[in-house]
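> predicted model and sequence below, questions to follow.
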Amino acid sequence: MSYQLSAVVADVELLREQTAGLDHAVLAALRQDFALLPVTPQLVEELTGALPNFATGEPSAAQPFHLVLSPAVAELLARWSRRGPVAYLEAEFAGGLGHQSSVVWLGGEVIWGPHFDGTLDRPRAEWPINAALARLGVEPGPWIDPFAELGLHLERDTAGWLAHGRRGLTADYWDELAEEWEDRQSGPEQQPERSGPVGDWGIP
């Protein structure tokens, strides 16, 4: 299975304030009072008044994002960051191969990144998305890393996140479905003790 992400992540109230009244802004709930804003061409055009540009070729350290962060896009996210840290995240995987990239703004300036990784052979905490989420203030929890802790593994593409947001789902929605299924499959006396949620965040 494949995985694709192109999104802004920040405090949910910050994103609600900055996107209020926009036709193409859909916020998807994450854990720890964060939210994800899927970045679509329609949203970029609504925010900046211009169609987005996309890089030719595969992302790399020299060009870490598929979406070209034009001055208009970068200045907009920098302005949002005056209310708190804001991250732009990209990832794409297929068949276990892929890449991820991130950049973080705070106080109107870039404070980390952009960073790109096409191998993910370093410690998990140093992966671009995990490192960016740590700078947003994501707290450790029972999940394997910040990516999974917020629930970024729950949807596999922009369409999934748009549906997630439009349906008003929480980040615990899939856990709740799994628990309901387990409850239907066996009575309480047959169910093993559940361990805390762990596991990879979805590289196929």
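Structure's in. What do you need? Numbers count the residues shown, from 1 in each chain.

> now do the contacts for R82.
By CB atoms under 8 Å, 6 or more residues apart in numbering, the residues touching R82 are 107-108. Heads up, the C-betas are built off the backbone N, CA and C, glycines and all.

> give me the distance between it and A132.
Distance, R82 to A132, by CB to CB, to the nearest Å: 18 Å.

> so which bits of stretch 60-72 are buried?
64-67, 69 (16 or more other CB atoms under 10 Å).

> dump the residues you listed to TSV, plus secondary structure.
Listed next are these as TSV, based on DSSP: H, G, I helix; E, B strand; the rest coil:
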residue	secondary structure
P64	coil
F65	coil
H66	coil
L67	strand
L69	coil
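
> out of the residues you listed, who's nearest Q4?
H66 (9.3 Å; CB to CB).

> ok, that closest one - contacts?
Contact analysis of H66 by CB under 8 Å, 6+ apart lists 6, 54-55, 59, 90, 92.

> again, only using 6 Å
H66 makes contact with 54-55, 59, according to CB atoms under 6 Å, 6 or more residues apart in numbering.

> and for G113?
Here G113 is in contact with 102-104 (criterion: CB under 6 Å, 6+ apart).

> tell me which of those residues fall in strands.
Judged by DSSP state E, the subset of the contacts of G113 located in strands is 102-104.

> turn these into TSV, including distance to A28 and neighbour count.
Output for those, formatted as TSV (distance: CB to CB, whole Å; neighbours: other CB atoms under 10 Å):
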residue	distance to A28	neighbour count
S102	17	26
V103	20	23
V104	19	26
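
> would CSV of the residues you listed with pLDDT and distance to P123 be doable?
Listed next are those as CSV, based on pLDDT from 0 to 100; distance: CB to CB, whole Å:
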residue, pLDDT, distance to P123
S102, 98, 16
V103, 98, 20
V104, 98, 19
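
> make CSV out of those residues and add distance to E45.
Converted to CSV, these look like this (distance: CB to CB, whole Å):
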residue, distance to E45
S102, 23
V103, 21
V104, 24
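
> for those residues, which one is nearest Q42?
V103 (21.8 Å).

> what about the helices in this structure?
Secondary structure of the chain (DSSP state H): helices at 12-19, 41-48, 71-80, 128-136, 146-150, 158-166, 173-185.

> check what pLDDT R184 gets.
You'll see R184 listed with a pLDDT of 66.

> for E179, that is, sorry about that
61.

> go on, S2?
89.

> look up how far G160 lies from it.
Relative to G160, and taking CB to CB, S2 is found at 11 Å.

> what about those two, which has more around it?
G160 (16 against 11; other CB atoms under 10 Å).

> would you quantify the distance from the more buried one to A78?
Distance, G160 to A78, using CB to CB: 28 Å.

> now E46
18 Å.

> for E126, see how far away the nearest residue to T158 once chain neighbours are set aside is.
Leaving out its chain neighbours, the residue that sits closest to T158 by CB to CB, 6 or more residues apart in numbering is P38, at 4.8 Å. Separation of P38 from E126 (CB to CB) stands at 26 Å.

> of those two, who's got more company?
Set side by side, P38 and E126 show more neighbours around P38, with 24 against 13, by other CB under 10 Å.

> is that one in a bridge, and if so with what?
On the basis of DSSP bridges, P38 is bridged to A7.
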